[in-house]
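Colleague: what shape does this take:
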Amino acid sequence: MSAALPAAAALADAAARLRAAGVPEAVADARRLLAHALAIAPERLTLALSEPLPEAAAARFAAFVAARAARQPVAQITGERLFWGRTFQVTPDVLDPRPETETLVATALEAPFSRVLDLGTGSGCLLLTLLADRPGATGLGTDISATALAVAARNAARLGLGARAAFALADWFSGVDGAFDLIVANPPYIAAGELAALAPEVRNWEPRAALTPGEDGLAAYRAIAAGATAHLAPAGRLILETGAGQGAAVAALCEAAGLGHAMLRADMDGRARAVLCMLPPPARF
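Modeller: Residues are numbered from 1 along each chain as shown. Now for the predicted structure:
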């Protein structure tokens, strides 16, 4: 029986394989996958590198590395992603929560809210983060994907938010009743012609319906802008994530729909990432 390969050697081999497959940040990904294979926190991996890699862990690690070399996202392989300091379950049925989407959370938390609507909720990361940071709030997450809603419901249960978060199968506002003082959405916004240029992790592994509405990429914004005024409480806010170069066009759509003056908010890289609109308060006579 051959001796177990040292964990450090397995890590070096894996990083080399991922580099050869064109994986960005190959070393960081290999480290994350090795920690997952060993069922330890990533920050404890250095302590384990001098030890032999157990056979079962080696088999898991090999499978993880093969998946990553095929450009499956790390979050799908490990089944989770950190977002706004909390861990969310991730599957191929939902978008992988991204750091730039935290711009919507920061914008939403600038003002009070008690009832939230998250359109196209996916993993539920937006809705559940907002509810976790505002203990008195309740919310509804909608999606056209039943499998995505199941992921969101599991995340709500994991975070202890099941009593304050509801989920419904809906195409934007269809079947949604009542008024909300905050509506958020990270809708599909990639134009059809831009899909081929996406990284394989996105193009081949994330749900197509969550990435693109086709054509110019603005169809979802048109639908949301058209329906938002009927579902916002007086002085309610609408916050939308946008893609590169879309901010001005989305702001114009919202203003044309009667949502007041739209403002752009930048992400951590200084790119216009979110459009913020507020429904004007009712006129007083």
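
Colleague: alpha carbons only for contacts and neighbour counts from here, please
Modeller: OK.

Colleague: is residue 156 in contact with residue 167, as I believe?
Modeller: No: judged on CA atoms under 8 Å, residue 156 makes no contact with residue 167 at a distance of 9.9 Å.

Colleague: more neighbours: these two, which one.
Modeller: Taking neighbours as other CA atoms under 10 Å, residue 156 and residue 167 compare with residue 156 leading, 27 against 21.

Colleague: which element, helix or strand, includes the more buried one?
Modeller: helix 146-158 (DSSP states H and E).

Colleague: got the contact list for the closest residue to residue 221 other than its chain neighbours?
Modeller: Nearest non-adjacent residue to residue 221, counting by CA to CA, 6 or more residues apart in numbering: residue 250, 6.6 Å away. Shown in contact with residue 250 (CA atoms under 8 Å, 6 or more residues apart in numbering): 218, 221, 242, 275.

Colleague: next up, the contacts around the spatially most central residue of the chain.
Modeller: Compute the mean C-alpha point of the chain, and by CA atoms, centre = their mean the closest residue is residue 97, 2.4 Å away. Contact analysis of residue 97 by CA under 8 Å, 6+ apart lists 81, 82, 83, 123, 125.

Colleague: could you look up the SS state of the residue nearest to residue 221?
Modeller: Put simply, residue 250 is helix when judged by DSSP: H, G, I helix; E, B strand; the rest coil.

Colleague: state the distance from it to residue 122.
Modeller: 21 Å (CA to CA, to the nearest Å).

Colleague: and what of residue 128?
Modeller: 11 Å.

Colleague: looking at those two, which is more packed in?
Modeller: A count of neighbours by other CA under 10 Å puts residue 122 above the other of residue 128 and residue 122, at 33 against 30.

Colleague: got the contact list for that one?
Modeller: 93, 94, 95, 143, 148, 149, 151, 152.

Colleague: one more time with 10 Å
Modeller: Contacts for residue 122 (CA atoms under 10 Å, 6 or more residues apart in numbering) come out as 90-91, 93-97, 141-153, 186-187, 207, 210.

Colleague: which stretches of the stretch 101-250 of the chain have low pLDDT?
Modeller: Along the stretch 101-250 of the chain, no part satisfies pLDDT under 70.

Colleague: all strands of it, in order?
Modeller: Secondary structure of the stretch 101-250 of the chain (DSSP state E, counting those that start in this stretch): strands located at 115-119, 138-143, 165-169, 180-185, 232-241.

Colleague: against residue 42, how distant is residue 60?
Modeller: 16 Å.

Colleague: what's around residue 140, how many residues?
Modeller: The number of residues packed near residue 140 is 21, by other CA under 10 Å.

Colleague: isn't it right up against residue 118?
Modeller: Yes: counting by CA atoms under 10 Å, residue 140 touches residue 118, with 6.2 Å between them.

Colleague: now the common contact residues for those two.
Modeller: Contact criterion CA under 10 Å, 6+ apart; residues shared by residue 140 and residue 118: 124, 127, 128, 167, 183.

Colleague: residue 173: which of those is nearest?
Modeller: The closest of the shared contacts of residue 140 and residue 118 to residue 173 turns out to be residue 183 (CA to CA; 10.8 Å).

Colleague: so who does that closest one touch?
Modeller: Contacts for residue 183 (CA under 10 Å, 6+ apart) come out as 108, 113, 115-119, 127, 139-141, 224, 228, 231-233, 236-240, 277.
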